[in-house]
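J.: sequence and predicted structure, then a few things I'm wondering about:
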Amino acid sequence: MEYDLTLFEKGLEELGITLSQDQKKQFITYYEYLVEKNKVMNLTAITEYEEVILKHFLDSLSIVKVSNFDQNKLAGKSVIDIGTGAGFPGIPLKIAFPELKITLLDSLNKRVNFLNEVIEMLGLKNVTAVHGRAEDYAKQKEHREKYDFCVSRAVANLSTLSEYCIPFVKEGGSFISYKSGKIDEELTQAENAVKILGGKVQDVVKFPLMDTDMDRSFVVIKKVKPTAKRYPRKAGLPSKEPLA
Ligand SMILES: C[S@@+](CC[C@H](N)C(=O)[O-])C[C@H]1O[C@@H](n2cnc3c(N)ncnc32)[C@H](O)[C@@H]1O
């Protein structure tokens with residue numbers, strides 16, 4: 001099937017991202033497989049082609065607006081995507097920036113199985129999909145404070161998310177949270193949690209998604225000191241009783 005790439009190409013140009021024909025084909029293959037599998041399992045509420053391009057693909061890639069996620073300096077950098085679901089933002093980042101080493105984590109095994117099929121189908125290298133909860137993985141030596149970037153979209157409020165994500169980040173690295181809608185109150189509520197966990201809010205990048213009226217933002221949290229061993233607390237607690 002022929003797909004109109006006008007919107008995608010316009011968005012990529014706005015973001016300053018250049019993709020080869022093969023990379024664009026990988027995005028289309030991913031789109032087709034997402035829609036096909038979505039008929040038999042719950043992966044996404046968004047399935048219309050242009051909506052997926054805008055709200056999943058371009059939204060995921062808009063992280064290049066964050067100055068320390070410099071697309072020219074990503075070689076060898078490691079990223080963990082917490083609560084990746086059907087692969088957002090991790091799979092679009094891997095397709096567009098194949099030099100990244102990416103770990104995709106989700107607590108729903110059927111989504112992880114889907115991701116492994118996508119990885120194989122697209123022939124992606126240096127990307128691993130793992131099944132588990134952030135609170136448990138962040139305790140493991142091979143994951144704790146091992147990543148240059150931790151990213152997460154649509155998983156939890158910023159305080160809970162900080163407890164999931166900051167423990168994965170190396171000192172000097174960043175946790176970059178994808179947010180939509182108004183963010184100021186959530187940011188104020190998370191301020192102390194960020195500090196307790198060894199982070200510091202470095203930047204908040206606000207923008208509309210392409211030429212829509214949909215508010216998007218990135219909260220950029222720099223890891224400034226190691227996270228105390230007791231965090232994250234046991235699975236379930238960060239969402240039940242967010243750090244205040
Ligand atoms: C609303 S979906 C968002 C998926 C994707 N990030 C996106 O933006 O489309 C939230 C995902 O986070 C996962 N999740 C929630 N809590 C988690 C945790 N503590 N550890 C790992 N995954 C978690 C869920 O299984 C679900 O797939």
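T.: Happy to help now that I have it. Residues are numbered from 1 along each chain as shown.
J.: show me what the longest helix seen in the chain is packed against.
T.: If you go by DSSP state H, the chain has its longest helix at helix 21-38. Helices and strands touching helix 21-38, by 3 or more CB pairs under 8 Å, 6 or more residues apart in numbering; DSSP states H and E, are helix 90-96, helix 109-122. All C-beta atoms are positioned from the backbone trio N, CA, C, and that covers glycine.
J.: okay, the spatially closest residue to Ser107 that is not a sequence neighbour: pLDDT?
T.: In this structure, Ser107 finds its nearest non-sequential neighbour in Arg133, 4.8 Å apart by CB to CB, 6 or more residues apart in numbering. Reported pLDDT at Arg133 in the predicted model: 98.
J.: how close does Arg133 get to Glu145?
T.: The gap separating Arg133 from Glu145 is 18 Å, by CB to CB, to the nearest Å.
J.: report the longest strand in this structure, please.
T.: For the chain, the strand reaching the highest residue count under DSSP state E is reported as strand 169-180.
J.: tell me where the chain has helices.
T.: Taking DSSP H, the helices of the chain run over residues 6-15, 21-38, 49-51, 59-61, 90-96, 109-122, 134-137, 158-165, 184-196, 237-240.
J.: show me which residues of this structure sit near the ligand.
T.: Where the chain comes near the ligand, counting by CB under 6 Å from any ligand atom, the residues are 82-85, 88, 105-108, 111, 133-135, 153-155, 164.
J.: filter the residues you listed down to the buried ones, PyMOL style.
T.: Selecting only the buried members of the residues of the chain next to the ligand in PyMOL, with burial defined as 16 or more other CB atoms under 10 Å, works like this:
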select buried, resi 82+83+84+85+88+105+106+107+111+133+134+135+153+155+164
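J.: in strands only, show me the residues of the chain next to the ligand.
T.: Under the assignment DSSP E, the residues of the chain next to the ligand contribute Ile82, Leu105, Asp106, Arg153 to strands.
J.: so what's the first one up against?
T.: Spelled out, it's Ile82. Ile82 makes contacts with Leu105, Ala134, Cys150, Val151, Ser152, Val155, Leu161, Tyr164, Cys165, Phe168, as judged by CB atoms under 8 Å, 6 or more residues apart in numbering.
J.: verify the stated contact: the fifth one with Phe88.
T.: Right, the one you point to is Ser152. No - taking CB atoms under 8 Å as the contact criterion, Ser152 and Phe88 are not neighbours in contact, 10.0 Å apart.
J.: now do the longest strand of the chain against helix 184-196, angle only.
T.: Angle between the axes of strand 169-180 and helix 184-196 is 170 degrees (criterion: axes from the mean of the first three to the mean of the last three CA atoms, to 10 degrees).
J.: gap between strand 169-180 and the chain center?
T.: With CA atoms, centre = their mean, to the nearest Å as the basis, the distance from the averaged C-alpha position of strand 169-180 to the chain average is 10 Å.
J.: helices or strands up against it?
T.: strand 147-153, helix 158-165, strand 199-208, strand 215-223.
J.: each with direction, which strands does the third one pair with?
T.: In this case it means strand 199-208. Next to strand 199-208 in the sheet, as set by DSSP bridges, lie strand 215-223 (antiparallel).
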